[in-house]
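Student: Generate a structure from the sequence data that follows.
(one chain, ligands or ions: 2)
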Amino acid sequence: MIKIAITKGRIEKQVCKLLSEAGFDMEPIFNKNRELLIETKDGISMIFGKPNDVVTFLEHGIVDIGFVGKDTLDDVDFEDYYELLDLEIGKCYFAVAAYPEYRDKVFNRRKKIASKYTNVAKKYFASKQEDVEIIKLEGSVELGPVTGISDAIVDIVETGSTLKANGLEVIEKVSDISTRMIVNKVAFKFKKDEIMNIVNQLEKVIGGNQNA
Ligand SMILES: Nc1ncnc2c1ncn2[C@@H]1O[C@H](COP(=O)(O)OP(=O)(O)OP(=O)(O)O)[C@@H](O)[C@H]1O
Ligand SMILES: O=P(O)(O)OC[C@H]1O[C@H](OP(=O)(O)OP(=O)(O)O)[C@H](O)[C@@H]1O
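Tutor: Numbering: from 1, shown residues only. Ligands and ions are numbered 1, 2, ... in the order given. The predicted structure follows:
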């Protein structure tokens with residue numbers, strides 16, 4: 001049996017649609033209500049969890065495969081997995097954002113940066129040799145500059161409409177994000193054929209979508 005964890009929320013439906021187009025039996029998933037663990041006719045069991053938890057389940061060997069955003073992978077401490085596929089969905093990017101004045105402002109103190117992705121923010125400013133204070137916010141991160149708790153934010157930008165609605169703008173792009181398929185290394189050793197079958201089937205659909 002192959003065990004899969006899928007990130008709930010924005011990317012859930014698109015991942016399930018790709019798996020269905022790749023020929024896997026997703027009917028029980030499409031018909032599910034509040035169940036969090038579902039078994040399909042293909043001998044695949046699927047759980048649905050929050051982004052960081054998908055990685056935690058994979059780290060502990062509870063699942064063989066995880067579908068999760070690159071944003072989450074960039075932020076967690078765990079790196080001992082194989083990233084086998086970019087699903088080319090859930091596309092967005094990390095950016096430093098702030099009010100336009102931030103660009104020319106001279107700071108005579110450490111800048112304050114708010115983010116839900118504190119490791120990404122830390123790593124980014126460290127790469128620029130900038131010593132900043134990182135403030136963790138759990139959501140609505142744009143509130144950082146709006147309330148004045150921070151000078152800028154590191155957050156996900158998709159359409160840019162949340163920034164615009166709050167008078168903020170992208171100061172610097174940090175990195176691209178999309179949904180990835182990750183695999184537990186031990187599982188790959190013992191279930192290589194089944195896992196590669198899923199990779200190959202998905203690749204055909206992703207390739208087809210890109211050429212469409
Ligand atoms: N505009 C976007 N904002 C946030 N995530 C996006 C966006 N577009 C694509 N994604 C991807 O979707 C994944 C899941 O995001 P989603 O907002 O559903 O869950 P979440 O981070 O648990 O947030 P919440 O706590 O608001 O439910 C993200 O990790 C990211 O890879
Ligand atoms: O560029 P946009 O298309 O406006 O999308 C970006 C927004 O979407 C995400 O927030 P989400 O809606 O997940 O809520 P949250 O802030 O509570 O995490 C992200 O944190 C931005 O706020």
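
Student: what residues does the chain put near ligand 2?
Tutor: Residues of the chain lying near ligand 2 by C-beta under 6 Å from any ligand atom: 139-142, 155-162. Every residue, glycine included, has its C-beta placed from N, CA and C.

Student: Between those residues, identify the one with the most neighbours.
Tutor: When neighbours are taken as other C-beta atoms under 10 Å, the top entry among the residues of the chain next to ligand 2 is residue 155 (28 neighbours).

Student: Strand partners (parallel or antiparallel) of whichever strand or helix holds that one?
Tutor: According to DSSP states H and E, residue 155 maps onto strand 152-157. Using DSSP bridges, strand 152-157 pairs in its sheet with strand 92-98 (antiparallel), strand 112-115 (parallel).

Student: Quick one, which of those gets closest to residue 48.
Tutor: Nearest of the strands paired with strand 152-157 to residue 48, taken as C-beta to C-beta: strand 92-98 at 20.6 Å.

Student: tell me the mean pLDDT for that closest one?
Tutor: Computed over strand 92-98, the mean pLDDT rounds to 99.

Student: by contact count, what packs against the helix ranked longest in the chain?
Tutor: What stands out as the longest helix in the chain, according to DSSP state H, is helix 192-211. Packing partners of helix 192-211 (3 or more C-beta pairs under 8 Å, 6 or more residues apart in numbering; DSSP states H and E): strand 2-7, helix 12-21, strand 81-86, strand 179-184.

Student: and with 10 Å instead?
Tutor: In this structure, helix 192-211 makes packing contacts with strand 2-7, helix 12-21, strand 65-69, strand 81-86, strand 179-184, helix 185-190, judged by 3 or more C-beta pairs under 10 Å, 6 or more residues apart in numbering; DSSP states H and E.

Student: Nearest to ligand 1, out of the ones you listed?
Tutor: Nearest to ligand 1 among the helices and strands packed on helix 192-211 is strand 65-69; the distance by C-beta to the nearest ligand atom comes to 2.0 Å.

Student: What strands line up against that closest one, and which way round?
Tutor: Strand 65-69 has the following strand partners under DSSP bridges: strand 2-7 (parallel), strand 179-184 (antiparallel).

Student: now that strand and strand 81-86, what's the angle there?
Tutor: 70 degrees (axes from the mean of the first three to the mean of the last three C-alpha atoms, to 10 degrees).

Student: next structured bit after strand 65-69?
Tutor: The element immediately downstream of strand 65-69 (helix or strand, assigned by DSSP H and E) is helix 70-75.

Student: quick one: contacts of that next one?
Tutor: Identification of contacts with helix 70-75 by C-beta atoms under 10 Å, 6 or more residues apart in numbering yields 7, 50-55, 66, 69, 79, 81, 83, 86, 90-94, 115-124, 155-156, 174-180, 182.
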